[in-house]
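Asker: Just the structure for this:
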Amino acid sequence: MKKLIQLICCLLISVPVFSQKSGIEQAYVDRIIKTLSADDMQGRKSFEPGADKAADFIEEEFKKIGLKPLDGLTGYKQTFNVYRVKPGETTVQVNGQTVTSDKVFVITGQPQIQWQQSSDANVILVRAEDSFSQIASDLMKARKNTLLLIDETHQKIFNQYRNYFSKGNISLEQAGDGSLVFAMFPPVENPSFQVKASNVVETLKLSNVVGMIPGKDKKEEMVIFSAHYDHIGILKPVNGDSIANGADDDASGTTAVLALASYFKKQKNKGRTLIFVAFTAEEVGGYGSQYFSKQLNPDKVVAMFNMEMIGKPSKFGPNTAWVTGYEKTDFGKILQQNLQGTQFTFHPDPYPEQNLFYRSDNATLARLGVPAHSISSDQIDIDKLYHSVDDEYESLDIANMTQIIKAIAQSARSIISGKDTPTRVNASELK
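Answerer: Residues are numbered from 1 along each chain as shown. Take a look at the predicted model:
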């Protein structure tokens, strides 16, 4: 009897999590991710040929699947402009003293700045006891002409901001009012000042890749399946390898979008409209999802499944994944309810200190109230391959990844049909 019980247990453990007839095949998953993470994609960096090549490949796959273009588009590419400002020469004088160039940086969309009196710009004093990051964040939202005089105790965080913004800042909109000039100079009341800056403004094109399956009974309501296809491109060589292939980040998520699109296209969709989108420019500021969010009514989006790094088993073991912002809606609970009877489980994000809910494209839609969550399996606290040249196809567990995609398909059933509607995100509570 004991041997019989052991045999039964072994047989149960060996049963696949999902039926082999689920319609999501490992061979398909393997082909897509191997292509997206290949060296000839050159790391899929935004504004570079590798990203364009990846977008072309995704577009061709959407055509093969038979998705419809998004309303208002004639094809699958949702192309838009962004504006990159590269800083040129900047001169700042305060009370007759010239601030050295290593103690100045500018955030602007303007080709030129020329201030010489208080009527041209506000002056904000950032003293030792103030929060540099909070003041900077508030001013970047307000975007009024402002000169900041910053106490040297903020040197470390000042340098971090300067290193980032000195590379040039990108905006979805053409230059509007409002430039910020940061100068590390003793915060003095009522200073006299002169500011001169010249910048180069470039107009650049980016493209999301978007397709849809129209619904029937609730076709005005949308369910989004998304991932970002861009990565970080070419890095300093490590052991002769300089290509950051981004296999897990986020060719894995993009592969899931394609596999799910192929799967759901074969089903009879009598519920809500399904949108499949591969976002551009997540790695450089989330501009793809920002533009996409402006092209639809967020009140009509009932859920967003954003797949972010699902290429390896999670800390909870095989056949598991986790959901960012699990506590913000009942999205995760609905997913798990739809997985009853399987061995697969979804868990709350185990890395709350990493703020992962805010670090992917779901955050843009969540700030509009959409139940928008990222699904992941990455062990981000110990992942040494993240943003490196070693994030390659060979590091992935394709079988486990396929099970995650199957789980997403099954867990979405009641949301797609219209039976379940996740609660909305309280946007006022978000950072």
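Asker: which residues of this protein fall in helices?
Answerer: When assigned using DSSP state H, the helices of the chain occupy the ranges 2-14, 26-36, 49-65, 132-142, 155-165, 252-265, 287-293, 331-337, 362-366, 398-411, 413-417.
Asker: Of all those helices, which one is nearest Phe105?
Answerer: For the helices of the chain, the distance to Phe105 is smallest for helix 155-165, at 4.2 Å, taking C-beta to C-beta. In this view, the C-beta of every residue, glycine as well, is placed from N, C-alpha and C.
Asker: Also compute the angle for that closest one relative to helix 132-142, please.
Answerer: Angle of helix 155-165 versus helix 132-142, following axes from the mean of the first three to the mean of the last three C-alpha atoms, to 10 degrees, is 40 degrees.
Asker: mind listing what's buried in helix 155-165?
Answerer: Applying a neighbour-count criterion of 16 or more other C-beta atoms under 10 Å, one finds 158, 161-162, 165 buried in helix 155-165.
Asker: Adding pLDDT and distance to Leu368, write these out as TSV.
Answerer: Converted to TSV, those look like this (pLDDT from 0 to 100; distance: C-beta to C-beta, whole Å):
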residue	pLDDT	distance to Leu368
Phe158	97	33
Tyr161	95	27
Arg162	95	32
Phe165	88	27
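Asker: out of these, who's nearest Asp39?
Answerer: Phe165 (31.6 Å).
Asker: Pretty sure the closest one sits against Ile107.
Answerer: Yes: using C-beta atoms under 8 Å, Phe165 is in contact with Ile107, at 5.5 Å.
Asker: How much space separates the spatially closest residue to Ala227 that is not a sequence neighbour from Pro191?
Answerer: The spatially closest residue to Ala227, leaving aside those adjacent along the chain, is Gly253, at 3.0 Å (C-beta to C-beta, 6 or more residues apart in numbering). Using C-beta to C-beta, to the nearest Å, Gly253 is found at 49 Å from Pro191.
Asker: And for Val238?
Answerer: Distance from Val238 to Pro191, counting by C-beta to C-beta: 47 Å.
Asker: Looking at the two, which is more packed in?
Answerer: Comparing Val238 with Pro191 by other C-beta atoms under 10 Å, the one with more neighbours is Pro191, at 18 against 11.
Asker: Now do the residue nearest to Ala227: how many residues are near it, please.
Answerer: Gly253: 32 surrounding residues under other C-beta under 10 Å.
Asker: nearest to Glu282, of the buried residues of helix 155-165?
Answerer: Closest to Glu282 out of these is Phe165 (19.1 Å), distances taken as C-beta to C-beta.
Asker: you'd agree Arg44 is up against His231?
Answerer: Yes: using C-beta under 8 Å, Arg44 is in contact with His231, at 4.5 Å.
Asker: Quick check: Asp120 touching Asn145?
Answerer: Yes: with contact defined as C-beta under 8 Å, Asp120 reaches Asn145; the gap is 6.5 Å.
Asker: Comparing those two, which residue is more hemmed in?
Answerer: Set side by side, Asp120 and Asn145 show more neighbours around Asn145, with 18 against 14, by other C-beta under 10 Å.
Asker: Torsion angles phi and psi at the more buried one?
Answerer: Taking degrees, to the nearest 10, you get phi -50, psi 120 for the backbone angles of Asn145.
Asker: now it, nearest residue through space, not along the chain?
Answerer: Using C-beta to C-beta, 6+ apart and skipping residues adjacent in sequence, the residue nearest Asn145 is Ala121, 4.0 Å away.
Asker: Could you check the pLDDT of the one you found?
Answerer: If you check Ala121, the pLDDT there is 93.
Asker: Likewise for Asp71?
Answerer: 92.
Asker: burial of it, as a residue count?
Answerer: For Asp71, using other C-beta under 10 Å, the count is 10.
Asker: Can you tell me how far it is from Gly211?
Answerer: Distance from Asp71 to Gly211, by C-beta to C-beta: 11 Å.
Asker: do Thr108 as well
Answerer: 37 Å.
Asker: who's more crowded, the two?
Answerer: Taking neighbours as other C-beta under 10 Å, Thr108 and Gly211 compare with Gly211 leading, 27 against 23.
Asker: List the contacts of the closest residue to the more buried one other than its chain neighbours.
Answerer: Excluding its sequence neighbours, the residue lying closest to Gly211 (C-beta to C-beta, 6+ apart) is Leu67, at 3.0 Å. Applying C-beta atoms under 8 Å, 6 or more residues apart in numbering to Leu67 gives the contacts 76, 211-213, 261, 265, 276.
Asker: now do Phe158
Answerer: Counted by C-beta under 8 Å, 6+ apart, Phe158 has contacts 103, 132, 150, 182, 184.
Asker: Just list whatever residues bridge to the third one.
Answerer: I take that to be Ile150. With DSSP bridges applied, Ile150 shows beta-bridge pairing to Val126, Met184.
Asker: could we number from 28 for the rest of this?
Answerer: Right, with 28 as the first residue, what we last looked at is Ile177.
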